[in-house]
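Student: here is my input; please provide its structure:
(4 chains)
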There are 2 protein chains.
Amino acid sequence: MSDSKPSQHEEKKTTSLRERKKHQAKADIEEAALRLFHEKGYEQTSIQNIADAVMMSSRTFFRYFASKEDVLLGFIRKAQRDGIRSLNQIETTALPHVALREVFESLAIEYQKQRSNLQIRYQVAMQTPSISSMFLYSLLESEPAICDALYSRLENANVNEIRFLVAIYMASFRVSVEKWLENEKNSDLVSLLNDHLDYFLTMPIGNNRL
Amino acid sequence: MSDSKPSQHEEKKTTSLRERKKHQAKADIEEAALRLFHEKGYEQTSIQNIADAVMMSSRTFFRYFASKEDVLLGFIRKAQRDGIRSLNQIETTALPHVALREVFESLAIEYQKQRSNLQIRYQVAMQTPSISSMFLYSLLESEPAICDALYSRLENANVNEIRFLVAIYMASFRVSVEKWLENEKNSDLVSLLNDHLDYFLTMPIGNNRL
DNA sequence: AGTATAATGTCAGTGTATGACAAAAGTCAA
DNA sequence: TTGACTTTTGTCATACACTGACATTATACT
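Tutor: Just a heads-up that it's a prediction; the model follows:
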């Protein structure tokens, strides 16, 4: 505003001023929103509150995020999508169990990178039923995509078997993530997941019942 | 209104007129809502549309249902709750696998009773992302309750083990329900579930990998 | 019948979300 | 720097989901 002169040199780099501002605005919204959600609770925080905090109109909020929920969970969906990319690197000759182990391990690694970020979102989500459903959904919504990808890549794969196995692995992953986020001590999601999968794969089952 | 005279005899039976009217109103709302959801889609149907269809004010709608979503999924939550009641009949000496098998079998039986009703709700839910998340949640939200009940009833139970097992069984149940509702042919959820569980319990795993 | 009680309608208000259009800011070339 | 062009933002209007408050109507009870 009252600056002497705008210097039109230095960083032109890769992104334009416009791009940088957009990126910053989105980051600002997300930061303010998470802070407010954490302080006052998700439902107690209105879009207007968030917009006020970053000094923009509430209409502009919706130009950066599709919904209030998107601010909280869009990040998780992205992590989920990124993690699933590893599917394309799986050999078509791999066994379903090997492929699934790889998929969910890379997903776990992706999650691991964002622990604190995920944790605060998880905490907020768990305090609001309508949001915990969306959190759950953000984990499970990629299940069909994983099934499709596995089915198209693996030779001699059975659709129903794949679908069932993916659901089982997904459940293991979900419980691992929940435990991991609930307890500060559990810093290593990957080994937590592997423990679960190992346990699941070596369970002495089918004998001690019926 | 223009009736000659209200007869104050005949059916006094068990419920009062007031109770019967309330029950009828709720049933009317639910029926109209499901019909409209099916015809126009969930999001394309407003509360006002539903209220108009049963000739009441939209305010009254909310005296029977907590939300629009409640009309669609309250039924499922109820079935879920009813099915879980069987938990209390489990002996404290039962093995977790036996107990879980029983719990989910009785849940399946409860679902089975309401196939067509569940099917239309499932179809509507699947057409709307925000609602499919709630559908998913209505299945999974009872997971903690099952864990708690099992843990308190079974001797020598390990919390983490229970939690993990319940999640696995829940995933099997979910996939069974989905397959059951997707295909008209699959009329028997109980055997579908048992097939899945048997498959899961006898899987040749842990050997053919790593 | 008349009074108490419960259900319903009306009205006003909050919050989420979206379309339309005007105002402001960034971009680029002369 | 100016001026034209594009993108972003603000403002306004609107729709829908939901809630509280209060008046109105219908059932219940004696």
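Student: report pLDDT for the residue minimising distance to the centre of chain A.
Tutor: Nearest to the geometric centre of chain A sits residue A:76, at 2.1 Å (C-alpha atoms, centre = their mean). In the predicted model, residue A:76 carries a pLDDT score of 93.
Student: contact partners for it?
Tutor: By C-beta atoms under 8 Å, 6 or more residues apart in numbering or on different chains, the contact list for residue A:76 reads A:118, A:121, A:135, A:138-139. To be clear about C-beta, it is placed using only N, CA and C from the backbone, and glycine gets the same treatment.
Student: ok, 7 Å please
Tutor: For residue A:76, the contacting residues are A:118, A:121, A:138, by C-beta atoms under 7 Å, 6 or more residues apart in numbering or on different chains.
Student: tell me who's in contact with the first one.
Tutor: Residues touching residue A:118, when contacts are defined by C-beta under 7 Å, 6+ apart, comprise A:76, A:111, A:181.
Student: the closest residue to residue A:94 other than its chain neighbours: neighbour count?
Tutor: Using C-beta to C-beta, 6 or more residues apart in numbering or on different chains and skipping residues adjacent in sequence, the residue nearest residue A:94 is residue A:154, 6.6 Å away. Other residues lying near residue A:154 total 19 when counted by other C-beta atoms under 10 Å in any protein chain shown.
Student: same check on residue A:93?
Tutor: Residue A:93 has 11 neighbouring residues, counting by other C-beta under 10 Å.
Student: just the residues contacting the lowest-mean-pLDDT helix or strand in chain A, thanks.
Tutor: Least confident element among the helices and strands of chain A, by mean pLDDT, DSSP states H and E: helix A:189-202 (a mean of 88). The contact list for helix A:189-202, computed with C-beta under 7 Å, 6+ apart, reads A:101, A:104-105, A:108-109, A:111-112, A:172-173, A:175-177, A:179-180, A:186, B:164, B:168, B:205-206.
Student: buried subset of those residues, written for PyMOL?
Tutor: Entered in PyMOL, the line below selects the buried ones among the contacts of helix A:189-202, by 16 or more other C-beta atoms under 10 Å in any protein chain shown:
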select buried, (chain A and resi 101+104+105+108+111+112+172+173+175+176+177+179+180) or (chain B and resi 164+168+205)
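Student: list the contacts for residue A:43?
Tutor: residue A:128 are the contacts of residue A:43 under C-beta under 7 Å, 6+ apart.
Student: can you tell me how far residue A:165 sits from residue A:130?
Tutor: Plainly put, residue A:165 is 30 Å away from residue A:130 if you go by C-beta to C-beta, to the nearest Å.
Student: which residue of these two possesses the greater neighbour count?
Tutor: Shown here are residue A:165 and residue A:130; by other C-beta under 10 Å, residue A:165 has more neighbours (24 against 16).
Student: quick check: which element contains that one?
Tutor: Using DSSP states H and E, residue A:165 falls within helix A:159-182.
Student: does anything pack onto that helix? Which helices or strands?
Tutor: The helices and strands touching helix A:159-182, judged by 3 or more C-beta pairs under 7 Å, 6 or more residues apart in numbering or on different chains; DSSP states H and E, are helix A:96-112, helix A:115-126, helix A:143-153, helix A:189-202, helix B:159-182.
Student: please redo it, this time with the cut-off set to 6 Å
Tutor: Under the contact criterion of 3 or more C-beta pairs under 6 Å, 6 or more residues apart in numbering or on different chains; DSSP states H and E, helix A:159-182 touches helix A:96-112, helix A:143-153, helix A:189-202, helix B:159-182.
Student: average pLDDT across the last one?
Tutor: Averaged across helix B:159-182, the pLDDT comes to 94.
Student: show residues contacting it.
Tutor: Helix B:159-182 has contacts (C-beta atoms under 6 Å, 6 or more residues apart in numbering or on different chains) with A:164, A:167-168, A:171, A:175, B:96, B:100, B:104, B:119, B:122, B:139, B:143, B:146-147, B:150-151, B:186, B:189, B:192-193, B:196-197, B:200.
Student: now the angle between helix B:189-202 and it, please.
Tutor: In terms of direction (axes from the mean of the first three to the mean of the last three C-alpha atoms, to 10 degrees), helix B:159-182 departs from helix B:189-202 by 140 degrees.
Student: please export the C-alpha coordinates of helix B:159-182 as PDB.
Tutor: Provided in PDB are the C-alpha atoms of helix B:159-182 (Å, rounded to 0.1, in the frame of the first residue of the first chain):
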ATOM      1  CA  VAL B 159      -8.700 -54.900  23.800                       C
ATOM      2  CA  ASN B 160      -6.500 -54.500  20.800                       C
ATOM      3  CA  GLU B 161      -7.100 -57.900  19.500                       C
ATOM      4  CA  ILE B 162     -10.900 -57.500  19.900                       C
ATOM      5  CA  ARG B 163     -10.800 -54.200  18.200                       C
ATOM      6  CA  PHE B 164      -8.900 -55.500  15.300                       C
ATOM      7  CA  LEU B 165     -11.100 -58.600  15.000                       C
ATOM      8  CA  VAL B 166     -14.300 -56.700  15.100                       C
ATOM      9  CA  ALA B 167     -13.000 -54.400  12.400                       C
ATOM     10  CA  ILE B 168     -12.200 -57.500  10.200                       C
ATOM     11  CA  TYR B 169     -15.600 -59.000  10.800                       C
ATOM     12  CA  MET B 170     -17.300 -55.700  10.200                       C
ATOM     13  CA  ALA B 171     -15.500 -55.400   6.900                       C
ATOM     14  CA  SER B 172     -16.700 -58.900   6.000                       C
ATOM     15  CA  PHE B 173     -20.200 -57.900   7.000                       C
ATOM     16  CA  ARG B 174     -20.100 -54.700   5.000                       C
ATOM     17  CA  VAL B 175     -19.000 -56.400   1.800                       C
ATOM     18  CA  SER B 176     -21.600 -59.100   2.300                       C
ATOM     19  CA  VAL B 177     -24.300 -56.500   2.700                       C
ATOM     20  CA  GLU B 178     -23.100 -54.500  -0.300                       C
ATOM     21  CA  LYS B 179     -23.100 -57.600  -2.500                       C
ATOM     22  CA  TRP B 180     -26.400 -58.700  -1.100                       C
ATOM     23  CA  LEU B 181     -28.000 -55.300  -1.900                       C
ATOM     24  CA  GLU B 182     -26.400 -54.900  -5.300                       C
END
